[in-house]
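Q: Can you look at this prediction? I've put the sequence above it.
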Amino acid sequence: MTLPVHDPVALSKALIRRPSVTPADEGALGVLEEHLVPLGFTCQRLPFTEDGTPDVDNLYARFGEECPNLCFAGHTDVVPPGDLADWTSDPFQPEIRDGRLYGRGAADMKCAIAAFVAAASRLVAAFGDKIPGSISLLITGDEEGPAINGTVKMLDWLRANGEALDACVVGEPTNINVLGDMIKIGRRGSMNATVTVHGTQGHVAYPALADNPVPRLLRFLKIVDDHIFDAGTNHFPPTNLEITTIDVGNATTNLIPARATARLNIRFNDQHSGSSLSEYLETVRAQVDGNTGAIDMDISISGEAFLTPPGDLSDLVANAVTAVSGETPELSTTGGTSDARFIKDHCPVVELGLINATAHKVDENARVDDIYALAEIYERVLADYFGLA
C-alpha cells in the first residue's frame, strides 16, 4: 500500500482554518488525526480537566512500538486575534501573499507542526517498519493558557502507561532573522510576585494619624531593583528582575492611601531556583517590614530554569539545520517559557521552529519557503536520529 506524503503548506492551511483559541480545539486535533492515522500512527486523545480551569483536549500519536522514541512536541492552541479590523485578511482564513502564509498560528506554531507531520510522512513512506524505533507527537491545546490540563498531565499519562520519550524536539518559533539561526537548548526560569503593603488611611495634613504604605513599598522595590543576582553563565544571561506595575488606586489628592501594591517578574538562570529566589524576597520583606506584618507577598513560579547541555541532540539538530539551510545555529536559552520546561524532566529536549518575529501579532505569518525548508530539516533530524540518512 502506498502511504500518503503530506504537503506541509496544505496542512498548515488546514490547521489555521481551525480557530483554536485556548482552550477551544475547534477540530484542530482532528485534522492531525486525519493525516496521521493513514500513516500508521496510533492516535490517542487525552482530554484533561481540573476544577477552576477549562477542560482541554490533547493528542498523543505514535508510529512504532520500539525504542528509541523521538518525540515532537507542540501546541495547536493560539492566542486571540484581537480586533479583526486590524488584520489584512481573516486570521482564520489562511492566505498566501508575497510568498508568506498569513493566519493566526502560522508562526506559533501550526506550520511547524505541519512541517513535522510532513517530514514524518516522508520517512514512514520511505522506510515504514524498517525505522529502528518510534516517532511520536505530543500535541497540547493548553500551551498559550494556564498550562495545567495540557503537557504536564500528558507527560504524567505517558509515564503511567509505560510510554517513554528518549529525545524531544519542540516546534516553538526559535529563529530571529532567518530560518536556522537559533536553537533553544534551555530556558530561563520565571516567577512573579505581588507585594502589598498595608497602612492606615488618613488626611495628608495629619500624617501622624495615618500610616503611609507607599514609602515602605518603595524601599522594598529599591532594594530588589538594585540587587545584582549574578553575572550570567556560559549559556544564560544574567538573572533580571523587572517591576511591572505599582498600584495605589488613589484618585484623591489629600488622602494617604490604605495600601500600595506592586508586581514584579524575575527571569532567572540555572544558578537559582524558584525556591531560593522566594527565600530572597522573603528576606527583603522581613527587612523592610520590621516584623509589623504589614507586608503581604504572593509568589508564583511559572517554571524553573533548565539546560540541555550541548551534546548529541543539539548536534543532531544543528547539523540538520546546516545541511538544509546553510546556517550555523546559535545555541540559546533566551526568550520566555515554553512547554520544554516540563519535558526536560523526562528526556533531553531542544527547540527548533520558524521565525518568531510575527508570533502573537496582527498579520502573523510564515514564509512559505521556510515551511518547506523546516520540513526538510525535521526529515533530516529523523533520518539521522534513526541512522537512515
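A: Looks like it came in fine. What you are looking at is a predicted structure, and each value in this text was computed from that prediction instead of being measured. Numbering: from 1, shown residues only.
Q: So residue 331 sits against residue 183, correct?
A: Yes. The criterion here is Cβ atoms under 8 Å, and residue 331 meets it with residue 183 at 5.7 Å. Backbone N, C-alpha and C define where each C-beta goes, glycine included.
Q: ranges for the helices of the stretch 251-389 of the chain?
A: Along the stretch 251-389 of the chain, counting by DSSP state H, counting those that start in this stretch, helices occupy 274-289, 312-325, 340-343, 368-385.
Q: mind putting those helices in JSON lines, distance to residue 14 and mean pLDDT included?
A: Below are the helices of the stretch 251-389 of the chain laid out as JSON lines (distance: least, Cβ to Cβ, whole Å; pLDDT from 0 to 100):
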{"stretch": "helix 274-289", "distance to residue 14": "39", "mean pLDDT": "97"}
{"stretch": "helix 312-325", "distance to residue 14": "24", "mean pLDDT": "97"}
{"stretch": "helix 340-343", "distance to residue 14": "26", "mean pLDDT": "94"}
{"stretch": "helix 368-385", "distance to residue 14": "13", "mean pLDDT": "98"}
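Q: Residue 83 is nearest to which of the ones you listed?
A: Among these, the nearest to residue 83 by Cβ to Cβ is helix 368-385 (26.3 Å).
Q: and that closest one, which residues are buried?
A: Residues of helix 368-385 classed as buried by neighbour count (16 or more other Cβ atoms under 10 Å): 368, 370-385.
Q: and what of stretch 194-205?
A: Here stretch 194-205 shows 194, 195, 196, 197, 198, 199, 201, 202 as buried, counting by 16+ other Cβ under 10 Å.
Q: just how off-centre is the helix or strand hosting residue 73 within its chain?
A: Using DSSP states H and E, the element containing residue 73 is strand 69-75. The chain centroid and the centroid of strand 69-75 are separated by 13 Å, computed with Cα atoms, centre = their mean, to the nearest Å.
Q: repeat for stretch 194-206
A: 39 Å.
Q: Now do it: distance from first to last residue.
A: Distance across stretch 194-206, first residue to last, is 29 Å (Cα to Cα, to the nearest Å).
Q: cool, and stretch 36-43?
A: 8 Å.
Q: buried ones in it?
A: In stretch 36-43, residues buried by neighbour count (16+ other Cβ under 10 Å) are 36, 39, 41, 43.
Q: in what helix or strand does the first one lie?
A: Translated: residue 36. helix 28-36.
Q: List the neighbouring strands of the helix or strand just after that helix plus their orientation.
A: Per DSSP H and E, the first helix or strand lying C-terminal to helix 28-36 is strand 42-45. Applying DSSP bridges to the sheet, strand 42-45 is found paired with strand 59-63 (antiparallel).
Q: follow-up on the earlier one: got the angle for the helix holding residue 36 vs strand 69-75?
A: Inter-element angle recorded for helix 28-36 and strand 69-75: 140 degrees (by axes from the mean of the first three to the mean of the last three Cα atoms, to 10 degrees).
Q: which residues make contact with helix 28-36 from outside it?
A: 4, 6, 11, 14-15, 18, 20, 43, 45, 57-59, 61, 63, 76-77, 110, 113, 117, 120-121, 137, 139, 141 (Cβ atoms under 8 Å, 6 or more residues apart in numbering).
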